[in-house]
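In: sequence first, predicted model second:
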Amino acid sequence: MSNSKALQKPTFFFLILFLFFFISTSTSSDDDSAHHKTFSRNLSPRKFALRREKLSHLHFYFHDIRGGDKPTAIKVAEAKTSNASRTGFGFVTVIDDPLTVGSERSSKQVGRAQGIYASASQLDLSLLMVLNYVFTEGKFNGSTLSILGRNAIFRDVREMPIVGGSGVFRFARGYAQARTHKLDFKTGDAVVEYNVYVLHF
Ligand SMILES: *[C@@H]1O[C@H](CO)[C@@H](O)[C@H](O)[C@H]1NC(C)=O
Ligand SMILES: *[C@@H]1O[C@H](CO)[C@@H](O)[C@H](O)[C@H]1NC(C)=O
């Protein structure tokens, strides 16, 4: 009598375990096949952990290094007429510019600005900026913000929209304000101060 009781307990336990495993795997495979066969569905933003939108302010310096043996900004294209244009209209530069906390190049690096700028105005020197800030510091490490805007570089303050982001900056929107901190007319090297205001979850 006491023997059969001792046998029953573990059998019951394994039956429960088996049922649990069977049910959980079968429902998850149902879910998966539903995902694979459905083009679109509505999700609740709350269930997607999108509860409270935060406003972050980022401050850093952008180093556009065109001279020297390790340039971070390289002109890759221009039009035949670019040299004759007052604004270099038509040139295209690819950048991988360091972003630092302080204004010195040796100051702590917090990320890079990777992308393209192009002279897109024939009247004033105004750049089309298409780039990603790729952050490498603290909770922002690995996250990016995407900028698409107009940069009239001789204005005191330029404002460029943030059109999105990744990582902690998913669903990001906001704006970046640029102020030239230092400009070397000989080499074309520039240090630009950025204040970025971004809403994200
Ligand atoms: C424009 O000027 C630069 C520097 O003087 C020169 O290297 C380049 O070949 C010129 N480009 C064209 C398209 O003439
Ligand atoms: C940022 O993330 C990379 C890759 O995960 C890691 O190698 C690096 O040490 C991190 N840096 C900081 C400052 O946390």
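Out: Yep, it's here. Residues are numbered from 1 along each chain as shown. Ligands and ions are numbered 1, 2, ... in the order given.

In: bridged to the most centrally placed residue in the chain, which residues?
Out: The residue lying closest to the centre of the chain (Cα atoms, centre = their mean) is Thr144, at 1.6 Å. For Thr144, the beta-bridge partners are Val134, Ser166 (DSSP bridges).

In: for Gly115, see how far away it is.
Out: Distance, Thr144 to Gly115, by Cβ to Cβ, to the nearest Å: 11 Å. The C-beta positions use only the backbone N, C-alpha and C, and glycine is treated the same way.

In: who touches both of these two?
Out: Asn132 (Cβ atoms under 8 Å, 6 or more residues apart in numbering).

In: check contacts around the residue nearest to the centre of the chain.
Out: Contacts of Thr144 (Cβ under 8 Å, 6+ apart): Asn132, Tyr133, Val134, Phe135, Gly165, Ser166, Gly167, Phe169.

In: check Tyr175 too.
Out: Residues in contact with Tyr175 (Cβ under 8 Å, 6+ apart) are Glu159, Met160, Pro161, Ile162, Val196, Tyr197.

In: that one in helix, strand or coil?
Out: strand (DSSP: H, G, I helix; E, B strand; the rest coil).

In: now swap in Val168 and tell me
Out: From three-state DSSP, the assignment for Val168 is helix.

In: was I right about it contacting Ser143?
Out: Yes - counting by Cβ atoms under 8 Å, Val168 touches Ser143, with 4.6 Å between them.
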